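Colleague: sequence plus predicted model, see below.
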Amino acid sequence: MNYLKARQSSASDTSKFELAPSSTPYMTLPAFHAGGGADKYGTPFGCAVLEIALTPPATNCNTPANVAAVMLFENGLSLTPANAGGPIYYQYLLTGGTGRTSSGSTTSSLVPDARVYYDGEDASSLPPGPFQISQMTHSPFMPYDAYTVSPVHRLFQMWQQLDCSAAKATTADPSGCNADLFPWVESAVATGSNGAAEPAGWIGEGSTSMFFYNMQTGDAPYLKSLADAYTISDNYHQAALGGTGANHIMMGTGDAIWFSNAAGAPEVPPNNPVDPAAPGTPLPGHSSALSEIENPDPMPMTNNFWKQDGYGGGPFIYGGRRRPTPITAGVPTSIAPTRPSRASGRSGATSRRSSRASSPIASPATTISSTITIPAISATARTPLPT
């Protein structure tokens, strides 16, 4: 009965951005895609900063020498427990690779994640609600330290995923939010396309948003220990709907900020034209290709594939480095029993919201489409901060 309350739905939105479009319950979730890590081969981020690239089926670059080297890039992790390889928590910066090539976002490039197995179902036939991602009962395994794809967490996506309407409000649920469009939004628009046309066979990011880690079965042990010892607001998830940048600002200041000029006066955010074939390259006559004003109205002849996601950036290369020469041999594959968590810090079963780039920051009362106006969220910087 409780599981059915979390049942997810597909929807239809083909003209104007809708917070609560007409919907139909899923029978099974969209396929869960293979992915995660620093590159398309699932290289752990600790390996990437050391300029070590893995090629499937390798999953880690955990050696004592690499542990010592990666400690220069990260501080604050506990030095205990430790084993012959060094501090355990630093080893986990080097483990958890996917051991497989990542999926694309079209039907022709889909790679379901073979490590996913829940309630007797694989990644292509999951039941239509939340599912635990970690599992060590069905090969190939999904240990807690494994990288996976990461769900989108941005402003308009989150609004639409919550499926809120005053008409749905009840005494039992005065919010009027069904919270049942998470995989549909991931599949329909995902993070957006920066104005590019919808690719043929587009399937977005599938059921990425529906998995959780379960502290009651041993997941997130480090964060669980912190929550058990120190946290009093352990159901806290985020300060505001939106992504990493907006929430870091809110957590640090308790308020929103705005785009401004050097004198501190509000300014309209960058809104340069974008070449869909080369989003990071300025068009003739423009010094920037940055466009941070969103238009979430669907493109013509699409179901919720937005006209402009407001990101406007160029290609991202992890750590400013291109992928080095792959290595395929001599990589240990053992995985220690615990690692610093990539899940949220609350006791019990926890949903994962990880390291995707944040939602854009909009100016005071900036009209971002023909139907939507949002209040002030601003920044004194005039270029986006890295997240």
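Modeller: Received the coordinates, thanks. Numbers count the residues shown, from 1 in each chain.
Colleague: might you list the low-confidence residue ranges for this protein?
Modeller: Within the chain, the stretches with pLDDT under 70 are 1, 231-234, 276, 279, 311-387.
Colleague: so where do the strands sit in it?
Modeller: According to DSSP state E, the chain carries its strands in the segments 9-12, 22-25, 53-54, 82-83, 86-87, 117-118, 121-122, 131-132, 211-214, 295-298, 306-308, 326-327, 349-351.
Colleague: those strands: which one's closest to residue 111?
Modeller: Taking C-beta to C-beta as the criterion, strand 121-122 is the member of these that comes nearest to residue 111, at 12.7 Å. Heads up, the C-betas are built off the backbone N, CA and C, glycines and all.
Colleague: need the residues that contact the closest one.
Modeller: Residues external to strand 121-122 that are found in contact with it (C-beta atoms under 8 Å, 6 or more residues apart in numbering): 28, 112, 114, 116, 127.
Colleague: tally of neighbours for the fourth one?
Modeller: This means residue 116. Using other C-beta atoms under 10 Å, residue 116 is surrounded by 25 other residues.
Colleague: these two touch, right, it and residue 32?
Modeller: Yes - applying C-beta atoms under 8 Å as the test, residue 116 and residue 32 come out as touching, 4.9 Å apart.
Colleague: neighbours around the spatially closest residue to residue 17 that is not a sequence neighbour, how many?
Modeller: Distances taken as C-beta to C-beta, 6 or more residues apart in numbering place residue 296 nearest to residue 17, at 4.2 Å, with adjacent residues excluded. Residue 296 has 25 neighbouring residues, counting by other C-beta under 10 Å.
Colleague: with residue 284 instead?
Modeller: Counted by other C-beta under 10 Å, the residues lying close to residue 284 total 4.
Colleague: before we move on, the earlier item: any residues in contact with both of residue 116 and residue 32?
Modeller: Counting by C-beta under 8 Å, 6+ apart, the contacts common to residue 116 and residue 32 are 123, 126, 211.
Colleague: the second one against residue 116, yeah?
Modeller: When you say that, I think you mean residue 126. Yes - contact between residue 126 and residue 116 holds when scored by C-beta under 8 Å: they sit 7.3 Å apart.
Colleague: shared neighbours, these two?
Modeller: Listed as contacting both residue 126 and residue 116 by C-beta under 8 Å, 6+ apart are residue 32.
Colleague: distance of residue 20 from residue 177?
Modeller: Taking C-beta to C-beta, to the nearest Å as the measure, residue 20 and residue 177 are separated by 9 Å.
Colleague: which residues do these two both contact?
Modeller: With C-beta under 8 Å, 6+ apart as the test, residue 20 and residue 177 both reach 163-164, 168.
Colleague: out of those, flag the one nearest to residue 132.
Modeller: residue 163 (23.4 Å).
Colleague: residues near that closest one, how many?
Modeller: Using other C-beta under 10 Å, residue 163 has 24 neighbouring residues.
Colleague: I'd like to know how far it sits from residue 144.
Modeller: Residue 163 is 31 Å from residue 144, by C-beta to C-beta.
Colleague: and if you look at residue 242?
Modeller: Residue 242 sits 27 Å away from residue 144, going by C-beta to C-beta.
Colleague: next one: residue 24
Modeller: Between residue 24 and residue 144 the distance, using C-beta to C-beta, works out to 34 Å.
Colleague: equivalent analysis for residue 190, please.
Modeller: Relative to residue 144, residue 190 is positioned 25 Å away (criterion: C-beta to C-beta).
Colleague: mind jotting down where the helices sit in this structure?
Modeller: With DSSP state H as the criterion, the chain has helices at 2-5, 45-49, 64-70, 88-91, 155-162, 182-188, 221-229, 244-253.
Colleague: residues in contact with residue 271?
Modeller: 291-293.
Colleague: got it, and residue 302?
Modeller: Taking C-beta under 8 Å, 6+ apart, we find residue 302 in contact with 14, 198.
Colleague: repeat that with 6 Å
Modeller: The contact partners of residue 302, by C-beta atoms under 6 Å, 6 or more residues apart in numbering, come to residue 198.
Colleague: for it, phi and psi?
Modeller: In this entry, residue 302 is assigned phi and psi values of phi -130, psi 160 (degrees, to the nearest 10).
Colleague: hang on, isn't residue 37 packed against residue 46?
Modeller: No - with contact defined as C-beta atoms under 6 Å, residue 37 does not reach residue 46; the gap is 10.4 Å.
Colleague: residue 20 and residue 177: who's more crowded?
Modeller: Each of residue 20 and residue 177 had its neighbours counted (other C-beta under 10 Å), and the higher figure belongs to residue 20 (20 against 17).
Colleague: how near is the nearest residue to that one once chain neighbours are set aside to residue 74?
Modeller: Nearest residue to residue 20, sequence neighbours excluded (C-beta to C-beta, 6+ apart): residue 165, at 3.9 Å. Computed as C-beta to C-beta, the residue 165 to residue 74 distance reads 44 Å.
Colleague: and residue 243, by the same measure?
Modeller: Per C-beta to C-beta, residue 243 is found 22 Å from residue 74.
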